[in-house]
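**Q** A structural model of the following input is requested.
(one chain, ligands or ions: 2)
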Amino acid sequence: MSLTLGGFDSPKTQTGELKHELLKRILASRLQIAKNALELLAQHPNPNERVEQLILQLKESDEFLILPKHLAQAQPLKEAKQKTTRERVEIVANYASTKPLESIKDISKYFAMRFNQYKRYLQNRLKNVQSISNLKKINNEKVSVIGIISDRRKTHRGNIILKLEDLSGETTAIITNKELIPQAEEMLFDEVIGITGTINKGVIFVEEITVPDLPIKKELKTLENTVYAAFLSDVHVGSKKFLSDKFENMLAFINGKETGALIWEEQAELIDNLKYIFVAGDIVDGIGVYPGQEKELNIRDIFAQYKETAKFFEKIPESIQIIMCPGNHDYVRLAQPQPPIEKDVAPDLYELPNTTLISSPGIVKIRPQENNGLNVLLYHGTSIDTIVPQNPNLKDGYKHPEKVMLTLLKKRHLSPQYESGIVTAEFESDPLAIPEDIDIIHTGHVHSNGAVNYRGVTLINSGTWQDVTDFQKFLGHEPTPARVPLLNLKTRQIRLLEF
Ligand SMILES: [Fe+2]
Ligand SMILES: [Fe+2]
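**A** Ligands and ions are numbered 1, 2, ... in the order given. Here you go, the predicted model:
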């Protein structure tokens, strides 16, 4: 018996090309095929589907060589598909229905909950923590205080004055140390921080600012097996600027068409192990999102926009799990958390057997069977618009959204400043807080790619599938359309694929 590692018809003939493609697919799956089996396979009425069945069949039986006997065993495609191991997705946090904060009582309840939660993050890292009401009794002593920032201003001498509140009262803290100024300038209204300094006549002269941050020793969790996750956002289906050709090209790539994004061997290895696709909002362009938007739309009906979206996403193989959250362009009210896109609006997306729709933010655990899985937080990223203009250290925040996300990660909150969104009540913990056991945070919204690993967390902003608009150019944004960040969950390395 000879193995077909060459020696077939001229690649110029159709059968020769077909055999060449089939062989590449088989070798990329680390299998081999006998020459006579390849002949039989090439004569099959649907060789591309049959080869996928055979790959699955041999992998399950731990064999490596495809023989004619394997081809003789008829196996309907449906059966092979059912045998495909479906990846598991466990929903950890999904804010499906949210009640708005309606009264002063609701708002104070929410902030008391936020304060108590962040106090737990901070108090073990501070010494001599005093409640604000207790400060009246203290003078010329080094103390620490945990408080919500209720005011922040810069004096003409460049010092920063903070007003801090806890559940017992309000105090003033002043930052004169020039080394602390850049850190103090990053502070936002409503975030909870710890300060340490000497109290003098009721004013704290700050020597140190402590943010909730993640523990230094938080490990970068990995999987034992190679599994890839791809990250998309801001598809904007329905917009005239939606790059449908490039999106189709990406879908064809996933389905095994050579697009030039990678050499074939790498592509085959990738699509063999691609198990998850995350979509962080602005799935459609929506309607009535900004004045005059109708002129920019080629689909003016919101239901038709989601129907069209489903037509694209149904091309993704069922072996890949798709997890989607909404964005500000989606047909979901603009609360934070923003509930999932509803079934009535996008019934066709709910029909896709491999798609999970969650809120923004929302958390899923993937691959729970391995090393207790990885927790992925999806958040559209709407708060970025509030953070960037206020933080002098983030002037390039729209070009480097990962820097903005990193400041939020250190604050352990996705949207610290209350005015940047309506947070809803009725939760035991702050739904916009970033839990310690998060492994990946995926955002979108600014239409630029960016990624960084920090203390065991991978921050990814996944760019867009919408071409640059005049409005974005005017705002000075630098979108990076049609690029897909791809994360290897075994190594936690990120690479970018361009389509
Ligand atoms: Fe967008
Ligand atoms: Fe957006």
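**Q** only C-alpha atoms from now on, for both contacts and neighbour counts.
**A** OK.
**Q** in the stretch 101-250 of the chain, what residue lies closest to ligand 2?
**A** residue 234 (6.6 Å; Cα to the ion).
**Q** ok, that residue - contacts?
**A** By Cα atoms under 8 Å, 6 or more residues apart in numbering, the residues touching residue 234 are 280-284, 327, 444-445, 447, 463-466.
**Q** try 7 Å this time
**A** 281, 282, 283, 444, 445, 447, 463, 464, 465 (Cα atoms under 7 Å, 6 or more residues apart in numbering).
**Q** wait, what's in contact with the last one?
**A** So that's residue 465. Per Cα under 7 Å, 6+ apart, neighbours of residue 465: 234, 235, 236, 242, 243, 247, 481, 482.
**Q** 6 Å instead?
**A** 235, 242, 243, 481, 482 (Cα atoms under 6 Å, 6 or more residues apart in numbering).
**Q** looking at these, which has the most residues close by?
**A** Counting neighbours by other Cα atoms under 10 Å, residue 235 leads these with 28 neighbours.
**Q** am I right that it sits in a strand?
**A** No. Read with DSSP: H, G, I helix; E, B strand; the rest coil, residue 235 is coil and lies in no strand.
**Q** wait, it sits on residue 280?
**A** No. Look at residue 235 against residue 280 with Cα atoms under 6 Å: they stay out of range, at 9.3 Å.
**Q** what's the nearest residue in the stretch 101-250 of the chain when you look at ligand 1?
**A** residue 234 (4.2 Å).
**Q** how far off centre is stretch 470-489?
**A** Centre-to-centre, stretch 470-489 and its host chain are 14 Å apart (Cα atoms, centre = their mean, to the nearest Å).
**Q** likewise for stretch 147-158?
**A** 33 Å.
**Q** which residue packs closest to residue 316, ignoring adjacent ones?
**A** residue 251 (6.6 Å; Cα to Cα, 6 or more residues apart in numbering).
**Q** give the buried residues for the helix or strand where residue 17 lies.
**A** Using DSSP states H and E, residue 17 sits within helix 14-28. Neighbour counts over helix 14-28 (16 or more other Cα atoms under 10 Å) mark 15, 16, 17, 18, 19, 20, 22, 23, 24, 25, 26, 28 as buried.
**Q** contact partners for residue 481?
**A** Shown in contact with residue 481 (Cα under 6 Å, 6+ apart): 464, 465.
**Q** which residues does it bridge with?
**A** residue 464 (DSSP bridges).
**Q** residue ranges in this protein under the pLDDT threshold?
**A** 1-13, 73-85, 420-421, 425 (pLDDT under 70).
**Q** would you point out which residue is most central in it?
**A** What sits nearest the mean C-alpha location of the chain, by Cα atoms, centre = their mean, is residue 442, with 1.6 Å.
**Q** wouldn't it be in contact with residue 380 here?
**A** No. Residue 442 lies out of contact with residue 380 (Cα under 6 Å); the separation is 7.8 Å.
**Q** how about the residues of the stretch 151-300 of the chain near ligand 1?
**A** Within reach of ligand 1 by Cα under 5 Å from the ion, the stretch 151-300 of the chain has these residues: 234, 282.
**Q** for the closest residue to ligand 2 within the stretch 151-300 of the chain, the count of nearby residues, please.
**A** Nearest to ligand 2, among the residues of the stretch 151-300 of the chain, is residue 282, at 5.4 Å (Cα to the ion). Neighbourhood size, residue 282 [other Cα under 10 Å]: 24.
**Q** same check, this time on residue 456
**A** Neighbour number of residue 456 under other Cα under 10 Å is 21.
**Q** distance of it from ligand 1?
**A** Separation of residue 456 from ligand 1 (Cα to the ion, to the nearest Å) stands at 27 Å.
**Q** ok, now which ones touch that residue?
**A** The contact partners of residue 456, taken as Cα under 6 Å, 6+ apart, are 218, 219, 220.
**Q** mind doing that once more with 7 Å?
**A** Here residue 456 is in contact with 218, 219, 220, 221, 439 (criterion: Cα under 7 Å, 6+ apart).
**Q** please enumerate the strands of the stretch 351-499 of the chain.
**A** For the stretch 351-499 of the chain, the strands defined by DSSP state E, counting those that start in this stretch cover 355-357, 362-366, 374-378, 422-423, 440-443, 449-454, 457-462, 483-488, 493-498.
**Q** out of these, which is closest to residue 130?
**A** strand 422-423 (28.7 Å; Cα to Cα).
**Q** and the contacts of that closest one?
**A** 100, 101, 335, 336, 337.
**Q** what's the distance between residue 25 and residue 271?
**A** 11 Å (Cα to Cα, to the nearest Å).
**Q** give the contact list for residue 153.
**A** 160, 161, 162.
**Q** that one: what secondary structure?
**A** Once three-state DSSP is applied, residue 153 turns out strand.
**Q** in the sheet, who's paired with it?
**A** Bridge pairing for residue 153 - DSSP bridges - gives residue 161.
**Q** surely residue 494 is in contact with residue 462?
**A** No. Residue 494 is beyond contact range of residue 462, at 11.5 Å (criterion: Cα atoms under 7 Å).
**Q** between these two, which is the more surrounded one?
**A** The residue with more neighbours, out of residue 494 and residue 462, is residue 462; 34 against 19, by other Cα under 10 Å.
**Q** got the domain boundaries for the chain?
**A** Following the assignment in automatic domain parsing, the chain carries domains at 14-83, 89-98+216-498, 126-210.
**Q** what would these look like in a markdown table with distance to residue 115?
**A** Formatted as a markdown table, the domains of the chain follow (distance: least, Cα to Cα, whole Å):
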| stretch | distance to residue 115 |
| --- | --- |
| domain 14-83 | 49 |
| domain 89-98+216-498 | 9 |
| domain 126-210 | 7 |
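**Q** quickly compare those and say which is most buried.
**A** Comparing those by mean neighbour count (mean count of other Cα atoms under 10 Å), domain 89-98+216-498 comes out on top with a mean of 20.
**Q** now do the end-to-end distance for that domain.
**A** End-to-end for domain 89-98+216-498, by Cα to Cα: 27 Å.
**Q** would you map the helices across the protein?
**A** 14-28, 35-43, 47-61, 68-72, 77-83, 104-122, 181-185, 244-254, 264-273, 302-313, 347-351, 384-390, 401-411, 470-475 (DSSP state H).
**Q** quick one: closest of those to residue 91.
**A** helix 347-351 (15.8 Å).
**Q** kindly export that closest one (C-alpha atoms) in PDB.
**A** Taking C-alpha atoms only, helix 347-351 is exported to PDB below (Å, rounded to 0.1, in the frame of the first residue of the first chain):
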ATOM      1  CA  PRO A 347     -36.100  35.500  16.000                       C
ATOM      2  CA  ASP A 348     -33.600  34.200  13.400                       C
ATOM      3  CA  LEU A 349     -30.600  34.600  15.700                       C
ATOM      4  CA  TYR A 350     -32.400  32.600  18.300                       C
ATOM      5  CA  GLU A 351     -33.000  29.900  15.700                       C
END
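**Q** mind giving me the packing neighbours of that helix?
**A** helix 302-313 (3 or more Cα pairs under 7 Å, 6 or more residues apart in numbering; DSSP states H and E).
**Q** pick out the residue of the stretch 351-499 of the chain closest to ligand 1.
**A** Counting by Cα to the ion, the stretch 351-499 of the chain gets nearest ligand 1 through residue 445, at 4.5 Å.
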